[in-house]
Structure formats: C-alpha cells, structure tokens
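Q: need coordinates for the below:
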Amino acid sequence: MLKKLAQWIGELGHAGVVREPCARLCLFGKHPGWADHLDDLGLTTQRLVELRRRLYSEGIATNIDSGAWERLGAGRAQASFDHDLVWRFGPDEYVLARLIASRDARGRDKYPLVGAAHAVSVSPRRLIAEGIGVLADLLDQARATDDASSVRAIFERAASSVQARWLAAGQAPGEERGAGGLDPALLGALAADDVLNDPSSPALARVAHQVVAETRRIAGNADRSVQVRVPALTNAERGRSAWAWLAGVRELLAPELRDRLPLLAIESTRERVVDVIIGRVSAGELVCLRATRAAMPCTTDVPYSLDPALEASTRSLLAGWKSLNVGVSSAPGSASSGMHA
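A: Residues are numbered from 1 along each chain as shown. Next up, the predicted model:
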C-alpha cells in the first residue's frame, strides 16, 4: 500500500517542487511507413512514457481489444480519432498531445498517430498559443510521406526547434502565480461563451455539482477519478476549449486539491465536447475518446437537483470570470476562491 501511494504521489508531482526545465516532443502510433506500430520517437521523459502507456498501450488498446467502442452501438461511437489533449500535473508542468486517424503499411487503422509534448517551466501562455499548432504541424508533415526515414528527420527538426524556442522563452515573471499557472483570460473566454450563458440552463452549477460531490468520493484514493463531459466553446480555435475547461474545472476544486490532482482535458473536434478527467486516468475513462454525445451526454445537460447555494456560488464565479477578458491576460492574478469540496 505504501509503495503504491508513493508511486502515485511521484506521478502527480508536488506543487512548489523545482524541476529542471523541459521541452520535449515525441511521436508514436500508426503510420504507413511502418508495418505495425511506429518506432517510438522521443520518449525521453517519464511523463511521455506515462502518456504512451496510459493513453495508447492501456487505454486505446484495452478499449479496442475489449470491444468497448463496438458495444456503444451504431451512431454512438465516433468513426475515427481527432482529438487534442492537455494534461496538467501542476502550475509548471504540462503534457500536450494530438491524436489523428492513421494506418500502418498494411492498412490497419484502429489506432491513431499521436504527437505529444512535455513541458516543464515553459510559459503556459506560450503552450496555449503554440502547443497545439506545433503538434499539428508535426503530424501534418509526418502523414504527408510514407517514408519512415523522412518521418524521423521531420521529427528531429521539430523536436530541436521546440526545445530551443520554448526553453529560451521560459516563464514570464509572476506568471506561475496566475490561475494556477494558467492564463486567467481562459476563464473569461469560458464565462463569455454561449454554453454558460443560457439563463434556462444552470450549466456551470451542474458541472460544479458533479465535481464537488465526486472529488469527495475519490479523496485519498489513488485508483479513483472524476470525469465530466462539457460542450466545447462555440467559436474557439482548436485546442482552446480544452485549455479553458481545464482552467474552469480547476477553479471548481477545493483549493487544497487544485495543484495536487492531475487534470486531463480531451477535446473532440468531431463531437465538439471536452472530457475532463480529475485524478488517475485508466481505460474506463478513455472510452470517451470515441463516445458520441448520444452515448455519453454532457454533464451540462444532466438535470441534477441543485442546491440553491451552489447555484448562487456559480453565478458569482461566472460574474468574476467575465471580467477576466483577453485584456487582462498580461496581468496574472488569483481568479477566484473556487468551490469548496
């Protein structure tokens, strides 16, 4: 038990622990240049190895082998992969990933091609602005050729460029004191979106209800997690909804949990949803990767019986977030007091 707990804490990292700056890329999955799975490129950090294991070797593989997506039924499983991921381990550590549909040289297409980046002490604003674009460029160039040696060369150029640019920039002074290292303007974008401004639907209160109730359930249990599905922002650029909901769900957590529990946000381009997983990520949660809204409705659509005090608190949160527009993104500050679990 102690060994397991120590391993879990090690995976999470600790708020305030000084880590060596890091900006690393990796590439894995299916590609026509290989007869089977691509020769993994750039798996040089523990986080990237962990990403491949939890997302690909355990998560996607388990759901394929078990027939979990097939059991969803017709019209309830997405046809292919088209996702962006943001995995937050603390104010200064993130893993980003992009998944696209792909195939190997034999035409087998059940697994995606995945590009990912591990960043430590890199400006979150730089990651928000550039991260998904960097991975998109890498994957677009990689799938433009069927030659394995060309893919390796493309990867090496991208990895060298990212390491040089991101580490040279570092974090702006005081940036880590913003909304847990996240740009407060993300909360402003979330609060301004149509999804949270429908007076007939207390959308944020429904998300808060699930987050608050279920984080109590997982407290102290390393094998449990909380998962919420929310709509993507109406007109946001690709990947920005994942960042915005990551910031929003973090604010709904009790203050003592915000930088202790990892948060994974998975944005589906096809379904226009974001799945946020709080805590440990396993194959069961990753069914969401190919589950349509018909198979897995958004938390914002679930008609919970809500506590009036919770509804009032979330209205107050939204009012505060709406003031955090793009114009304040250069002046990080504490976003709110959050919801107490």
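Q: for the rest of this, base every contact and every neighbour count on C-alpha atoms.
A: OK.
Q: OK, contacts around the residue lying farthest from the centre of the chain?
A: Here the chain reaches farthest from its C-alpha mean at Arg106, the gap being 31.0 Å by Cα atoms, centre = their mean. Contacts here follow Cα atoms under 8 Å, 6 or more residues apart in numbering; on that basis Arg106 touches Pro32, Ala35, Asp36.
Q: sec struct for it, please.
A: Of the three states, Arg106 takes coil according to DSSP: H, G, I helix; E, B strand; the rest coil.
Q: go through stretch 68-86 and flag the buried ones.
A: 68-69, 72, 76-78, 80-86 (16 or more other Cα atoms under 10 Å).
Q: returning to what we had before: top of the contacts of Arg106 by number of neighbours, please.
A: Compared across the contacts of Arg106, Pro32 has the highest neighbour count, 22 neighbours, by other Cα atoms under 10 Å.
Q: what separates that residue from Arg270, distance-wise?
A: 23 Å (Cα to Cα, to the nearest Å).
Q: related to what we said a few turns ago, state the pLDDT value of the residue farthest from the centre of the chain.
A: Looking at Arg106, its pLDDT reads 97.
Q: now swap in Gln78 and tell me
A: 82.
Q: next up, the contacts around it.
A: Arg270, Arg290, Ala291, Thr292.
Q: next, the contact list for the first one, please.
A: Counting by Cα under 8 Å, 6+ apart, Arg270 touches Gln78, Asp82.
Q: before we move on, what about the third one?
A: When the contact criterion is Cα under 8 Å, 6+ apart, the partners of Ala291 are Trp69, Leu72, Arg76, Ala77, Gln78.
Q: and the strands in the stretch 201-341 of the chain, which stretches?
A: Per DSSP state E, counting those that start in this stretch, the stretch 201-341 of the chain carries strands over the ranges 225-231, 263-268, 273-279.
Q: what residues are up against Ala23?
A: Here Ala23 is in contact with Ala117, His118, Ala119, Val120, Val122, Val162, Gln163, Trp166, Leu167 (Cα under 8 Å, 6+ apart).
Q: out of those residues, who has the most neighbours?
A: Neighbour max across the contacts of Ala23 (other Cα under 10 Å) = Ala117, 27 neighbours.
Q: close enough to count as contact, that residue and Cys26?
A: Yes. Between Ala117 and Cys26 there is a contact at 6.4 Å, judged by Cα atoms under 8 Å.
Q: got any residues that touch both of the two?
A: Joint contacts of Ala117 and Cys26 (Cα under 8 Å, 6+ apart) are Leu48.
Q: run a quick neighbour tally on Asp307.
A: Count around Asp307 with other Cα under 10 Å applied: 11.
Q: which ones are touching Leu187?
A: Counted by Cα under 8 Å, 6+ apart, Leu187 has contacts Ala244, Ala247, Gly248, Trp321, Lys322, Leu324, Asn325.
Q: Ala265 versus the third one, what's the distance?
A: Yep, that's Gly248 we're talking about. 11 Å.
Q: looking at the contacts of Gln78, spot the one nearest Pro308.
A: Of all these, Pro308 sits closest to Thr292, with 31.1 Å by Cα to Cα.
Q: what number of residues are in the vicinity of that closest one?
A: 21.
Q: what about the helices in the protein?
A: For the chain, the helices defined by DSSP state H occupy 2-12, 46-51, 61-65, 68-72, 124-126, 132-142, 148-169, 185-192, 203-218, 240-252, 308-322.
Q: dump the contacts of Ala291 to TSV, plus distance to Leu286.
A: Shown next, in TSV, are the contacts of Ala291 (distance: Cα to Cα, whole Å):
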residue	distance to Leu286
Trp69	10
Leu72	13
Arg76	15
Ala77	13
Gln78	13
